[in-house]
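Engineer: Got a sequence here, can you model it:
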Amino acid sequence: MTIMARKSKYEGKSQSLTGQKRWQAGLYIRLSHDDGDKDESNSVQSQRLILQEHLEKLLDVSVVDQFVDDGFTGTNFDRPSFKRLMNEVRNGRINCVIVKDLSRFGRNYIEVGNYLEKIFPFMGIRFISVVDSLDSFVNPGQMNTVVVPFKNMLNDAYCQDVSNKVRHALDDRRRSGKFVGSFCAYGFIKDKEHKGELLVDRTVSQVIQNIYQWFLEGEPVLAIARKLNDMGVLTPMEYKKQSGSNYRNPYCEVEGTAVWGYTSVKKILTNRMYCGDLVQGMKRMASYKIKKALIVPKDEWIICENHHEAIVSREDFDRVQQIFDASERQTVKKSESSLLAGFMRCADCGMAMSYCNNHGHRYYICSKYARATKRLCTRHSVRVEHIEKAVLEAIRAQIAIAVEVDALFQALEKDAVTQRQSDRLKELICRKENEIRGLTRNKEDLYMDWKDEILSREEYISMKQNYDEKIDSAQKEIQVLNAKAEEQREIEEVCYNDFVLSFIKHRNIEYLTREVLLELIDTIYVHEDKRISIKFRFRDELAKCREILGQNVLELREKSGFCCLNAMNQI
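Structural biologist: Prediction:
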């Protein structure tokens, strides 16, 4: 027996391409200082020169375009030029990718391996790594050696090592009192002459001083936010963008416009940077591969006191913190829980509704209107007692539907049990399956009878055709029976539908509780004209009830005379 050698995944694609074919190549170049690419040999110009010199040896390759990612990490493939390269590959304009070495292609061991071992071979893409002497067309077997994944692992490990060193180096600079962030806090700018030092931004420092002064004079945080919005003062994000900084904070954008709110004002009032302390290390990336910021515990922050010029005095800053501490203690002591908290939403802007209690007058109001600025939304005010009454009535209406639906399903289940449909269907399906097995065995025996010359060829063909028709007929009957059995199973399951069970157990509800709301309601929307829209839970289960009832209720009415019109109309 001859043993065939295992073929490379690249060989099938290579053999279909003759030497006459000109490869359409894309030159890929990448440089990232985050990965430790600081050598001159890894510069964009150097990579381009190496690739051009190698192209002179490839007579069957023509260059379509160059793709350069300058300043993008190799730990992932979220790079603009690489995405453009892959689009050209998918469109068929490029069927050859050339890089200086594997680390230029990427430093993520898993993702690089996925491209080299699966994606490129499947798409018939020729991959060339010049320094690593890899060419999937000239020497496809070389792509399957242990050398390639080993180099990818080294590139990945190198990136991790660099990431750890950079992280420790940055922490050392923070501890030594150097600012290492990309953007300064609102009110500060970087000192261009002394790296790592901060200067006060005189353009907006007065805004920060006014915020502290107004708060110490007794103005609430929300009132300060409204005043700043009414004065047209740019928010920190808008000011940074206007100054030319590539800064963006999606949490501060409201309908495309950044506005002052409770959070932005309180952040300024509680930031130690404004009394002269440098606070850093409040967030940290999850890993060198996952660019997700994690919150660092407060006791692990790196703080350098009296580091730079203060915008507000330490005395004023400490007084503000004392006011906040006292306010929080009072809130905890006198807090009033809202029954509908977390359910209320403005029907127009989608923001949460704020609960207010003004001398016993309890109501909800749109939080965007209350906290940001009155220009972006309207009050949507509604009294608590009115909305609680409306919600209770709506729940009772849903309970009435659930009770009637439950009665319908109980009647359907009882009718099915009386006729023993479920057991009967199972028995019929079992019989038909046994019939098919018997017919199949008989058909197989026909062949042996023909071979033994017990049957003539014509008899064999005729009898075989007869058995095939019977088997096909039995299989169709099984399909019909299975459909009926599935319908019966759905009836039995829906009798214990979550919608029915969840609502029916509250049939005697007299007042709202937090537990009832959490179980039955998803969201409550308030319109400006005081209309209320309620989004209940178990919508999918209710849709299932509608589907099953629609299939069976008319037949049930004919059999039992059951009155089901109201439930069907309400569903």
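Engineer: so where does residue 212 fall, helix or strand?
Structural biologist: Assigned by DSSP states H and E, residue 212 belongs to helix 205-216.
Engineer: Next, the angle helix 205-216 makes with the helix or strand following that helix.
Structural biologist: Where DSSP H and E defines the elements, the next helix or strand beyond helix 205-216 is helix 221-231. Going by axes from the mean of the first three to the mean of the last three C-alpha atoms, to 10 degrees, helix 221-231 is angled at 140 degrees with respect to helix 205-216.
Engineer: for helix 221-231, packing partners?
Structural biologist: The helices and strands touching helix 221-231, judged by 3 or more C-beta pairs under 8 Å, 6 or more residues apart in numbering; DSSP states H and E, are helix 205-216, helix 262-269. Every C-beta, even on glycine, is put in place using the N, C-alpha and C of the backbone.
Engineer: which parts of the longest one are buried?
Structural biologist: To tie it back to what came earlier, the one meant is helix 205-216. Using 16 or more other C-beta atoms under 10 Å as the test for burial, helix 205-216 gives 205, 207, 208, 209, 211, 212, 214, 215.
Engineer: Likewise for the shortest one?
Structural biologist: Along helix 262-269, these residues count as buried under the neighbour rule (16+ other C-beta under 10 Å): 262, 264, 265, 266, 268, 269.
Engineer: Which of the residues you listed sits closest to residue 191?
Structural biologist: Closest approach between the buried residues of helix 262-269 and residue 191, by C-beta to C-beta: residue 268, at 21.6 Å.
Engineer: Poorly predicted segments of the stretch 401-550 of the chain, please.
Structural biologist: The stretch 401-550 of the chain contains residues with pLDDT under 70 at 409-422, 487-499, 539-550.
Engineer: before we move on, back to that, what about the helices and strands packed on helix 221-231, which gets the closest to residue 521?
Structural biologist: Nearest of those to residue 521, taken as C-beta to C-beta: helix 262-269 at 26.6 Å.
Engineer: Could you work out the end-to-end span of stretch 108-120 for me?
Structural biologist: 16 Å (C-alpha to C-alpha, to the nearest Å).
Engineer: now it, how far from the chain's geometric center?
Structural biologist: 24 Å (C-alpha atoms, centre = their mean, to the nearest Å).
Engineer: So what touches stretch 347-365?
Structural biologist: By C-beta atoms under 8 Å, 6 or more residues apart in numbering, the surrounding residues in contact with stretch 347-365 are 255, 336, 338, 340-342, 344-346, 366-368, 370-371, 376-385, 387, 525-528, 531, 533.
Engineer: From those residues, list just the buried residues.
Structural biologist: Among those, the ones that count as buried by 16+ other C-beta under 10 Å are 338, 340, 344-346, 366-368, 370-371, 376-377, 380-382, 384, 387, 525-526.
Engineer: circling back: could you dump the helices and strands packed on helix 221-231 into a markdown table and include mean pLDDT and distance to residue 70?
Structural biologist: A markdown table is the format used below for these (pLDDT from 0 to 100; distance: least, C-beta to C-beta, whole Å):
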| stretch | mean pLDDT | distance to residue 70 |
| --- | --- | --- |
| helix 205-216 | 92 | 37 |
| helix 262-269 | 90 | 35 |
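Engineer: Out of these, which gets nearest to residue 315?
Structural biologist: With C-beta to C-beta as the criterion, residue 315 lies closest to helix 205-216 of the helices and strands packed on helix 221-231, at 10.3 Å.
Engineer: Only C-alpha atoms, please: export the closest one in CSV.
Structural biologist: Presented in CSV, the C-alpha positions along helix 205-216 are these (Å, rounded to 0.1, in the frame of the first residue of the first chain):
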residue,chain,number,x,y,z
SER,A,205,-10.0,79.2,34.8
GLN,A,206,-12.5,81.9,35.7
VAL,A,207,-15.4,79.5,34.8
ILE,A,208,-14.1,76.9,37.3
GLN,A,209,-13.7,79.6,40.0
ASN,A,210,-17.3,80.8,39.3
ILE,A,211,-18.6,77.2,39.7
TYR,A,212,-16.9,76.9,43.2
GLN,A,213,-18.1,80.4,44.2
TRP,A,214,-21.7,79.7,43.2
PHE,A,215,-21.8,76.4,45.0
LEU,A,216,-20.3,77.9,48.2
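Engineer: orientation of that helix relative to helix 262-269 in degrees?
Structural biologist: Computed by the same axes, to 10 degrees, the angle separating helix 205-216 from helix 262-269 equals 100 degrees.
Engineer: Are we agreed that residue 189 is in a strand?
Structural biologist: Yes. Residue 189: assigned to a strand according to DSSP: H, G, I helix; E, B strand; the rest coil.
Engineer: dump the residue contacts of it.
Structural biologist: 198, 199, 200, 201.
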